[in-house]
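1. Test case, fold it:
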Amino acid sequence: MATVCEFELNGKQEIFEFEKVAKQANGSVLAKIGNAVVLATVVSEFDNPVSEDFTPLTVQYIEKTYAAAKLPGGFIKREGKPSDFETLTSRVIDRSLRPLFPKGYVYPTTITVMVLSADKDVDLQTLALNAANAALYTSNLPIKKSVCGVRVAKIENNLVINPTPAELENSVLDLYVAGSKDELLMIEMKTISSSELVEVDIEAFTKIHNSNEMNEDTLVEAIAFAQSALKEANLSYEKAFEEVSKEKVQVELIKFTIEESVINYVRDNFSNDIREAIKKLAKSERATQLKDVAKMISKNEYCITNELEFNTIYEAVSIVKREIVRAMIVNDKIRADGRGLKDVRPITIETNILPSTHSSCLFTRGETQALVIGTIAGPKDGQMYEVLTDKSTSMERFMVHYNFPGFSVGEAKPMFGVGRRELGHGNLAKKALEATIDDDYNETVRLVSEILESNGSSSMATVCGGSLALKAAGVPISDLVAGVAMGMVVEDGKYSILTDIMGLEDHDGDMDFKVAGTNKGITALQMDIKLGGIELNVLKEALLQAKDGREHILGLMNEAANEIVPSEALPLVEQFAIDPSKIMVIIGKAGATIKEIIEKFTVSIDLDRDSGTVKVSGENKQNVLDACEHIKTISNNAPSRKEAPKNVDFEKLYQVDEVVTGKVERLVDFGAFILLPKGGEGLLHISKISKERVNNISDVLSVGQDIEVKVLKVKKDRIELSSN
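-> Okay, here's the model as predicted:
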């Protein structure tokens, strides 16, 4: 018989139904908020342990299109490859719940969350995590701690818990926090840009773009606000779920330990060798140096006599290595590569090194190197995507794609499709940069980060290189954005916070903490905490230390920005305004006129019917300028709705083959515009001036010259001429 738990939390009614569906899973629940319904299941194979020392957990968040009463888009009408949102949500659930599994739990486990019914007023990401937590907590797996997620918005200077998607659109902050009643486990944050009209004088206003960067104190306040909501929710969940929890299975937690005597032998006799290996490890994420030490030790008489396997020796070497690294940091306040705790590795920056790209930036920090390439395209060239609760498709005009080939860490492996980690790193960089782009800029921008070398926080190198690539491409940004990866090591009640961590410190540390922002504040943050929570005062200390590192990097980035030489491949864009009532004349019947202009001058044209703004872009500067002149001529000759009686109707004034004398009004590369005696301008194309080839229009015509011309073609709003 089904059991129902109902909660009234943060202004929303939550309903969890247990033992109703998917009863063969170790744990399952139907979770409901409003009209949104998700099914979460947990399955673990207790009879199939893996031999490695890790928890083989797989998390899948799946959106079914029937949940929103629509068919899947595309040729195949069946859900297939997960969307970016599905993949990123799966990562959020994984990163939040993985810390709950006890060490030594090596049984294959899957957590599956399926959206069965959608509601546009419900945050599905938060509901998905809370449903997965409910299924896990009430399952028979050996886990007795509740973890849930909350989202925080800042609307009109007020913090709001779990806003609706509509409310989030009016927020300047998107903060997602996951944790238990006592601990913060995962944080993701980005700021959301806005614009406002500011009065310049009595009758004039100007539009100001705000990136809404957040200072450290305000961000900690928002996280504390989220932590309070997490405590209330988790206390409620644990109390109610206890009554429907299954009896926990007593599974063996495998201890991947080796004899203390082996560790002591390695520590007492080979610590200096391991220290030397650590110095080399500081230059690479690969562990080949440790393997070399282990091979050397394996030939020792002690190892041969005791018949020690290589894996055992290597494990002992790794344990001693971790002890040395952490002791150096906490006790000696020095790191494996000789840096102090707050030091940033040497940085070099080169911009526009690729001549055929719109922009590029090679950003190198220590042994991490990102080559970020920017490409600009028209508003209609963005990435189409679907949101489950929207009936129509949406367009993404700012994309950050992150690639991590094996050679970046010296691994001999081929390049395959994009993995979850690559999607996550690209998404973090996008969050960091997006708020700085002017809201009125509607071109499509794609940044691609190719990681050429990696030893710690290639995602933050992507942020730095990406910001400079935007600057080099001429994209209007409010400020440069820098990112820095932070870490922390805690030993015997003492802790040390590290700036600009490398791979070695990420692996052996207790916290992975990435902060990006401008000189004004933070635009994006991502944190995963391995040690089971972090105090807010320590978090604030880490944020302030990150600020110092960020400002140091921004200083170097600003120097590089001052030396940017625009790429010759960057498309020329000309923008001007015409009478909005004449936009349809530029478009022409069934788009014939605008298609003709596009093909004739090889340009792209974007028209705004409301404002009359015309944007012309292309690779050839002269073609762009000529297309602009042509459009202006059509507009000048076309009747305005308000002034129709005063404008020229060529069909009433001129006839084909009629010969008239006009005056050269202006010269362009492709011909001349002739002021006609009965009113209006006509186009005399360069190919119609003479039977001989004319290479330069100014060789045969000059402004103000009288010329006899014949009418070739007549339309209501334009006329084409030839030399008589």
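
2. can you pull out the strands in the stretch 351-500 of the chain?
-> Along the stretch 351-500 of the chain, the segments classed as strands by DSSP state E, counting those that start in this stretch run 359-365, 368-377, 383-385, 394-396, 398-403, 444-453, 482-491, 494-499.

3. Mind putting these into TSV with mean pLDDT, mean neighbour count and distance to Gln705?
-> Backbone N, C-alpha and C define where each C-beta goes, glycine included. Below are those laid out as TSV (pLDDT from 0 to 100; neighbours: other CB atoms under 10 Å; distance: least, CB to CB, whole Å):
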stretch	mean pLDDT	mean neighbour count	distance to Gln705
strand 359-365	97	26	44
strand 368-377	96	23	41
strand 383-385	89	13	52
strand 394-396	91	12	49
strand 398-403	96	20	50
strand 444-453	96	22	44
strand 482-491	93	24	59
strand 494-499	92	20	71
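
4. now those in TSV, with distance to Ile111?
-> Converted to TSV, these look like this (distance: least, CB to CB, whole Å):
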stretch	distance to Ile111
strand 359-365	36
strand 368-377	32
strand 383-385	25
strand 394-396	28
strand 398-403	25
strand 444-453	29
strand 482-491	28
strand 494-499	32
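
5. Nearest approach to Gly149 belongs to which of those?
-> strand 482-491 (22.2 Å; CB to CB).

6. coming back round to it: out of the strands of the stretch 351-500 of the chain, nearest to Lys520?
-> strand 482-491 (12.0 Å).

7. How far does that closest one sit from its chain's centre?
-> 21 Å (CA atoms, centre = their mean, to the nearest Å).

8. any idea of the angle it forms with strand 359-365?
-> Here strand 482-491 runs at an angle of 20 degrees relative to strand 359-365 (axes from the mean of the first three to the mean of the last three CA atoms, to 10 degrees).

9. What separation do you get for Tyr663 and Ile689?
-> Actually, residue 663 is Lys rather than Tyr. 15 Å (CB to CB, to the nearest Å).

10. quick one: which of the two has more around it?
-> The neighbour comparison of Lys663 against Ile689 (other CB atoms under 10 Å) goes to Ile689, with 21 against 13.

11. Quick check: nearest residue in space to that one, chain neighbours excluded?
-> Among residues not flanking Ile689 along the chain, Ser723 sits closest, at 4.9 Å (CB to CB, 6 or more residues apart in numbering).

12. Over to Asn130?
-> Nearest to Asn130 is Cys148, by CB to CB, 6+ apart, at 4.7 Å.

13. What of Val249?
-> Val249's closest residue in space is Asn140 (CB to CB, 6+ apart), at 4.7 Å.

14. per-residue confidence at that neighbour?
-> Predicted confidence (pLDDT) for Asn140: 96.

15. Over to Leu197?
-> For Leu197, the predicted pLDDT is 68.

16. and if you look at Glu221?
-> pLDDT, read off for Glu221, is 95.

17. quick one: the helices in the stretch 551-700 of the chain?
-> 583-587, 592-601, 621-637, 650-653 (DSSP state H, counting those that start in this stretch).

18. quick one: which of these has the weakest pLDDT on average?
-> Across these, helix 650-653 gives the lowest mean pLDDT, at a mean of 83.

19. List of residues touching that helix?
-> 637, 676, 678-680, 714-719 (CB atoms under 8 Å, 6 or more residues apart in numbering).

20. Please, a ChimeraX command that selects the buried ones among those residues?
-> Applied in ChimeraX, the following selects the buried portion of those according to 16 or more other CB atoms under 10 Å:
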select :637,676,680,714,717,718,719
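
21. Format the contacts of helix 650-653 as TSV; extra columns: distance to Leu371.
-> As requested, those are arranged in TSV below (distance: CB to CB, whole Å):
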residue	distance to Leu371
Asn637	49
Leu676	56
Lys678	61
Gly679	58
Gly680	54
Val714	55
Lys715	51
Lys716	53
Asp717	49
Arg718	48
Ile719	52
